[in-house]
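Undergrad: Prediction below, plus the sequence it came from.
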Amino acid sequence: MAASKEKRTPKTDKSPVTLREKKLANGNKSLYLDIYRNGKREYEFLKLYLINAKTPIEREQNKQTLATAQAIRAKRQIEIQNGEYGFTSQFKQDVPFLEYYRKMCDERRGNIESRGNWGNWYSCLKHLERYCSGKTTFKDITPEWIEGFKQYLNGVTKDAHKRRLNYKAETKPLSQNSKVSYFNKLRACINKAFDDRIIPINPLRGIEGFKPDETERVYLTFDEVKLLAKTDCKYPVLKRAFLFSCLTGIRKSDIEKLVWSEVQKFGEFTRIVFKQKKTGGQEYLDINKQAEVYMGERRNPDEKVFSGFRYNSQTLLELRRWCMIAGIIKDVTFHSGRHTFAVTMLDLGADIYTVSKLLGHKELATTQIYAKVLDRKKQEAINLFPDINE
């Protein structure tokens, strides 16, 4: 009797999302997702690139980039599975969009730490009210709708929403940085709606925001920092906080909220363990002895290190007055301390990857702007020019 034949199912890739690479003309590789579902194939380019690594630092950069891409792939697969297995009913896409956005505005207005950014959220709301209606729900927020808002920002004039009340309102177009800010507010709103499971798929996927104008990064030379250290300031806490920023690169928002429980001893070093207010990233920053001095005497764990320091227009005015007394004629802001730290580190020979970690940057490209400011290669090149008087 002949043995019965066993039926075999063809071997298939059960994963609907595959991470792939595309080689570019410059030798780098672009990472993208190959997504197959419902009999259709689509591609999502992640704007992540593997470089032709030749050094340990570049290989580590590739490793982190690949890890990011894998995390996105896993997330996309979960999104698809949620849709395929009938979980979409858990989402609340009928929530009114403007009502949800207004609630986020109110939360920022009521929060002391985020109140400084509330004005930008409110201005964006006024433009969103012109672009869509109160009947708009999250079901209407599609990639096309988002692209339409980008076109709206490109064409609208500054304070257009005030013109019905005041015919003398400005007719200038929005600045590039205003477009960046408003689009980022919309992005934050949609991302939160996605996290809150109001929408099953994030419509921002694959949509680029506006690129900010490249602005001058005002920094101080090391000699100018030394001048400030020797010059009296009307507000001693401002002097301590600014010089601390020059020596550590910590932002003013993080210096304002820094408490003593976040200042820890780690071997021979003093380590600041804090969560960045701007990015939410957890940081572990070792500081040098000079910076430690500007923190002063340790107090109770819940007390602020720079007690009484609050950055506002009056503080900015005093910062600039202090710089003028020291003989420094530059358009200095408190953020210049962070710029000073970055440029000084690179000038002293620290590699860009380490500086990026010290600053808490998520992208190496952000740190490369400081390398462009310093640009030693250009400085060396111009000195090659022969003497025309010989």
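TA: Cool, the structure landed.

Undergrad: Low-confidence ranges, the stretch 1-150 of the chain, go.
TA: Within the stretch 1-150 of the chain, the segments meeting pLDDT under 70 span 1-14, 82-90, 112-116.

Undergrad: Output the longest helix belonging to the protein.
TA: In the chain, with assignment by DSSP state H, the single longest helix is helix 56-84.

Undergrad: Show me what that helix packs onto, helices and strands only.
TA: If you count contacts as 3 or more Cβ pairs under 8 Å, 6 or more residues apart in numbering; DSSP states H and E, helix 56-84 packs onto strand 17-23, strand 29-37, strand 40-50, helix 352-359. (C-beta placed from N, C-alpha, C; glycine too.)

Undergrad: tell me the phi and psi of Leu319?
TA: phi -60, psi -40 (degrees, to the nearest 10).

Undergrad: same question but for Lys185, I mixed them up
TA: According to degrees, to the nearest 10, Lys185 has phi -70, psi -40.

Undergrad: try Lys265
TA: phi -90, psi 130.

Undergrad: surely it meets Arg271?
TA: Yes - if you go by Cβ atoms under 8 Å, Lys265 and Arg271 touch, sitting 7.3 Å apart.

Undergrad: okay, these two: which has more neighbours?
TA: Arg271 (16 against 8; other Cβ atoms under 10 Å).

Undergrad: Could you pull up the residues touching the more buried one?
TA: For Arg271, the contact set (Cβ atoms under 8 Å, 6 or more residues apart in numbering) comprises 263-265, 284-287.

Undergrad: can you dump the C-alpha coordinates of stretch 317-332 into PDB?
TA: Below are the C-alpha coordinates for stretch 317-332, written out as PDB (Å, rounded to 0.1, in the frame of the first residue of the first chain):
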ATOM      1  CA  LEU A 317      18.700  92.700  29.000                       C
ATOM      2  CA  GLU A 318      21.000  92.300  32.000                       C
ATOM      3  CA  LEU A 319      22.900  89.500  30.200                       C
ATOM      4  CA  ARG A 320      23.700  91.800  27.300                       C
ATOM      5  CA  ARG A 321      24.600  94.700  29.700                       C
ATOM      6  CA  TRP A 322      27.000  92.400  31.500                       C
ATOM      7  CA  CYS A 323      28.600  91.400  28.200                       C
ATOM      8  CA  MET A 324      29.000  95.100  27.200                       C
ATOM      9  CA  ILE A 325      30.600  96.000  30.500                       C
ATOM     10  CA  ALA A 326      33.100  93.100  29.800                       C
ATOM     11  CA  GLY A 327      33.800  94.600  26.400                       C
ATOM     12  CA  ILE A 328      31.900  91.900  24.400                       C
ATOM     13  CA  ILE A 329      29.900  93.400  21.500                       C
ATOM     14  CA  LYS A 330      27.800  90.500  20.300                       C
ATOM     15  CA  ASP A 331      24.100  89.700  20.100                       C
ATOM     16  CA  VAL A 332      24.300  87.300  23.000                       C
END
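
Undergrad: what's the spacing between it and its chain's center?
TA: 28 Å (Cα atoms, centre = their mean, to the nearest Å).

Undergrad: quick one on the thing from earlier: and the next element down the chain from the longest helix of the chain?
TA: Downstream of helix 56-84, the next assigned helix or strand under DSSP states H and E is helix 97-110.

Undergrad: helices and strands around the next helix-or-strand element following that next one, which ones?
TA: Counting by DSSP H and E, the next helix or strand C-terminal to helix 97-110 is helix 118-131. For helix 118-131, the contact count by 3+ Cβ pairs under 8 Å, 6+ apart identifies helix 97-110, helix 143-155, helix 176-195 as packing neighbours.

Undergrad: hmm, try it at 7 Å
TA: Packing contacts for helix 118-131, counted by 3 or more Cβ pairs under 7 Å, 6 or more residues apart in numbering; DSSP states H and E, involve helix 97-110, helix 176-195.

Undergrad: Out of those, which gets nearest to Ala71?
TA: helix 176-195 (15.1 Å; Cβ to Cβ).

Undergrad: buried set for that closest one?
TA: Buried positions in helix 176-195, judged by neighbour count with 16 or more other Cβ atoms under 10 Å: 178-183, 185-186, 189-190, 193-194.

Undergrad: Could you do stretch 26-39 as well?
TA: Under 16+ other Cβ under 10 Å, the buried positions of stretch 26-39 are 29, 31-33, 35.

Undergrad: ok, now stretch 290-298?
TA: 291, 294-295.

Undergrad: Name the residue closest to the centre of this structure, please.
TA: In the chain, the residue lying closest to the centroid (Cα atoms, centre = their mean) is Thr279, at 6.0 Å.

Undergrad: that's a strand at that residue, yeah?
TA: No - with DSSP: H, G, I helix; E, B strand; the rest coil as the criterion, Thr279 is located in coil rather than a strand.

Undergrad: can the helices and strands packed on helix 118-131 go into a markdown table with extra columns for distance to Gly148?
TA: Below are the helices and strands packed on helix 118-131 laid out as a markdown table (distance: least, Cβ to Cβ, whole Å):
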| stretch | distance to Gly148 |
| --- | --- |
| helix 97-110 | 13 |
| helix 176-195 | 11 |
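
Undergrad: So which of the ones you listed is nearest Asn300?
TA: The nearest among those, by Cβ to Cβ, is helix 97-110 at 27.5 Å.

Undergrad: Beyond the strand or helix carrying Val273, next helix or strand please.
TA: Per DSSP H and E: Val273 is located in strand 269-275. Under the assignment DSSP H and E, the closest C-terminal helix or strand after strand 269-275 is strand 282-287.

Undergrad: Other residues contacting that next one?
TA: For strand 282-287, the surrounding residues in contact (Cβ atoms under 7 Å, 6 or more residues apart in numbering) are 248, 266, 269-276, 358, 360.

Undergrad: what about 10 Å?
TA: Strand 282-287 has contacts (Cβ atoms under 10 Å, 6 or more residues apart in numbering) with 244, 247-250, 254, 262-264, 266-276, 291, 294-295, 357-360.
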